[in-house]
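compute the structure for the input listed below.
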Amino acid sequence: MFFIGLMTDSFLRMTNEAKTGNNPIDVVISWVDGNDPDHQEKMHPFLDNRVREDIPGAHPTRFRSVNEIRYCVLSIFTFAPFVRKVFVVTDAQDPNLQDDIKQYFPERLQTLRVIDHKHVFKGYEHYLPTFSSRAIESMIWRIDGLSDRFIYFNDDSFLIRSTKVSDFFIQNRPVLRGGWLPSPWPRTLWAAFQTLIKKKLMGKKDFQPKPSYHLGQWLAAKKAGFRFRYFYFNHTPYSISKTTAQNFYDQDPRFFDGHLKHRFKNHKQINFISLLYHLELKNGNKYIRKPDVAYVNPTGRMEGYIDRKIELCMRDEKIKFLCVQSMDLCNKGDQDKVFNWLEDLFQKARGGTICKKIGTI
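Okay, the predicted model is just below:
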C-alpha cells in the first residue's frame with residue numbers, strides 16, 4: 001500500500017509539473033489587520049482630525065480582520081495544488097499562518113512568503129504608509145521572484161472546489177472572468193451631482209464620493225483606450241500577467257505618482273487590475289469566462305441569508321469561488337457558520353487526497 005502511495009504521489013507531482021512546466025503560477029494576497037493598534041497609530045496622522053467614517057476609503061470595515069486570511073490560504077493549498085508559492089503582502093504585520101500550514105500542509109511551509117509594503121513600493125517609499133487597496137494592488141507585480149503568471153486574491157476570497165490551471169490561464173494568457181457593460185454615465189453624473197451638492201450647497205469642502213467599484217473599472221477602461229464600454233469583473237481571484245503590468249509601467253511610469261499619492265482609496269484612482277484586464281483585451285486576449293462565484297455581503301440581511309448562500313454553493317457545482325465581503329459585520333454565529341463550512345470542505349478534500357494516496361479510490 002505504501003508503494004502505491006509513493007507511485008500516486010509521484011504521478012500527482014508530475015501531473016502538476018506538466019501543467020505548469022517551466023512557467024509556474026504563484027498567488028499574491030493583500031492583507032491587513034486593522035485591529036492592530038500599531039496600524040491604527042500609523043494611520044492616525046493622515047486622518048486630518050476627521051472621523052474615519054467620514055472618509056470613504058478609511059472606513060474601519062475596510063481594514064478589520066476576522067482571520068479570513070487563514071481560510072483563504074488553506075483553500076488555495078487545498079483546491080489549487082499547482083500553485084508554486086503564496087505571497088502575502090502586508091504592512092509590517094504577520095498573519096501567523098505557520099502553525100496551520102505545518103499541521104495541514106507541512107510540505108508547503110517553505111512556499112509561503114510574507115512581503116512588506118516597503119518591498120513592493122521600492123523607489124516609491126515616499127508614498128508609504130498607504131491604506132489604499134488600489135495603490136497596493138498596482139504594486140504587487142513588483143515582488144522579487146514572482147512568477148509571470150500569478151493569481152491575485154483579496155483575503156476575503158476563497159476556493160471552494162478543486163481548480164485546474166485552465167481555470168486561470170489558457171495558452172499562458174489570463175482567463176478574464178466577467179463581461180462587457182456600456183459606459184456607466186449615470187453613475188458618473190450622479191457622482192458629479194452629489195459632489196456639487198455637498199461641496200457648493202452644503203459647504204462640505206472635504207467631501208469625497210465613494211470609490212465606486214464600477215467607476216474604478218470604467219476609469220481603467222478609459223485609460224486603456226476604451227470609450228463606449230468596459231469589461232466588468234466580479235469579486236473572484238484575478239489571473240494576471242506580470243509582463244502586461246511591466247510593459248505598462250515601462251510605457252507610462254509617471255502614471256504611478258498620481259495614482260499612489262492618495263493615502264486612502266480614492267474615487268480618482270483607477271482599478272489597476274481592471275487596467276491590466278483591458279490591456280489584455282486590447283492585445284487580443286479572448287479567454288473570457290463566467291465569474292463562477294458566490295458573492296456574500298451579510299450587512300443588513302434577513303435571517304437565514306448565510307444558510308441560503310451555503311446551500312447555493314453546495315447545489316451549484318459550477319461555483320468555484322466564494323467572496324464574503326465585510327465578514328466583520330456578520331454576527332458571531334454567521335461567522336462560525338461560514339468558517340465551519342469551509343473547514344468541513346477542506347477536511348473532506350484532504351480526506352479524499354489521503355484515500356487516493358493509499359489506493360482506495
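
so where's this protein shaky on pLDDT?
Along the chain, the parts satisfying pLDDT under 70 run over 1-21, 58-61, 63, 207, 352-361.

show me where it has helices.
Taking DSSP state H to define them, one finds helices in the chain at 2-20, 37-43, 68-79, 98-104, 117-120, 133-137, 185-196, 213-223, 242-251, 255-260, 272-282, 305-315, 332-358.

of all the ones you listed, which one is nearest residue 293?
When the helices of the chain are compared by CB to CB, helix 305-315 sits nearest residue 293, at 9.8 Å. For every residue, glycine as well, the C-beta is placed using N, CA and C.

list the contacts for residue 142?
Neighbour list for residue 142: 119-120, 122 [criterion: CB atoms under 8 Å, 6 or more residues apart in numbering].

go on, residue 187?
212, 214-215, 218.

closest one of these to residue 163?
Nearest member of the contacts of residue 187 to residue 163, counting by CB to CB, is residue 214, at 27.0 Å.

can you get me a residue count around that closest one?
By other CB atoms under 10 Å, the residues close to residue 214 number 14.

picking that back up, the helices of the chain: which one's closest to residue 159?
helix 68-79 (3.9 Å).

any of the contacts of residue 187 buried? List them.
212, 215, 218 (16 or more other CB atoms under 10 Å).

want to throw those into a markdown table with distance to residue 112?
Listed next are those as a markdown table, based on distance: CB to CB, whole Å:
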| residue | distance to residue 112 |
| --- | --- |
| 212 | 34 |
| 215 | 35 |
| 218 | 35 |
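
closest one of the residues you listed to residue 43?
Among those, and counting by CB to CB, the member closest to residue 43 is residue 212, at 22.6 Å.

which ones are touching the closest one?
Per CB under 8 Å, 6+ apart, neighbours of residue 212: 187, 191, 267.

list the contacts for the closest residue to residue 290 other than its chain neighbours?
In this structure, residue 290 finds its nearest non-sequential neighbour in residue 177, 6.8 Å apart by CB to CB, 6 or more residues apart in numbering. By CB under 8 Å, 6+ apart, residue 177 lies in contact with 233-234, 236, 288-293.

what's the farthest-apart pair in those residues?
Farthest apart among these - using CB to CB - are 288 and 293, which lie 14.6 Å from each other.

end to end on stretch 322-330, go ahead and measure it.
16 Å (CA to CA, to the nearest Å).

hang on, I meant stretch 30-39
15 Å.

show me which residues of that stretch are buried.
30-34, 36, 39.

contacts for stretch 336-349, please.
Contacts of stretch 336-349 (CB under 8 Å, 6+ apart): 71, 74-75, 78-79, 104, 158, 160, 162, 296, 306-307, 310, 324, 327, 330.

again but with stretch 64-75, I slipped
Contacts of stretch 64-75 (CB under 8 Å, 6+ apart): 29, 31-35, 86, 88, 95, 97, 100-101, 104-105, 112, 153, 155-160, 324, 327-328, 330, 335, 339, 342-343, 345-346.

show me where the stretch 101-250 of the chain has its strands.
Secondary structure of the stretch 101-250 of the chain (DSSP state E, counting those that start in this stretch): strands located at 112-116, 149-154, 157-159, 169-170, 173-174, 176-182, 229-233, 238-241.

between the ones you listed, which gets nearest to residue 262?
So among the strands of the stretch 101-250 of the chain, strand 149-154 is nearest, using CB to CB, at 18.8 Å.

which strands or helices does the closest one pack on?
With contacts taken as 3 or more CB pairs under 8 Å, 6 or more residues apart in numbering; DSSP states H and E, strand 149-154 sits against strand 25-30, strand 238-241.

okay, the angle between it and helix 272-282?
Between the axes of strand 149-154 and helix 272-282, defined by axes from the mean of the first three to the mean of the last three CA atoms, to 10 degrees, the angle is 140 degrees.

in its sheet, what does strand 149-154 sit against?
Strand 149-154 pairs in its sheet with strand 25-30 (parallel), strand 238-241 (antiparallel), by DSSP bridges.

could I get those as CSV with distance to residue 130?
Below are these laid out as CSV (distance: least, CB to CB, whole Å):
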stretch, distance to residue 130
strand 25-30, 11
strand 238-241, 20
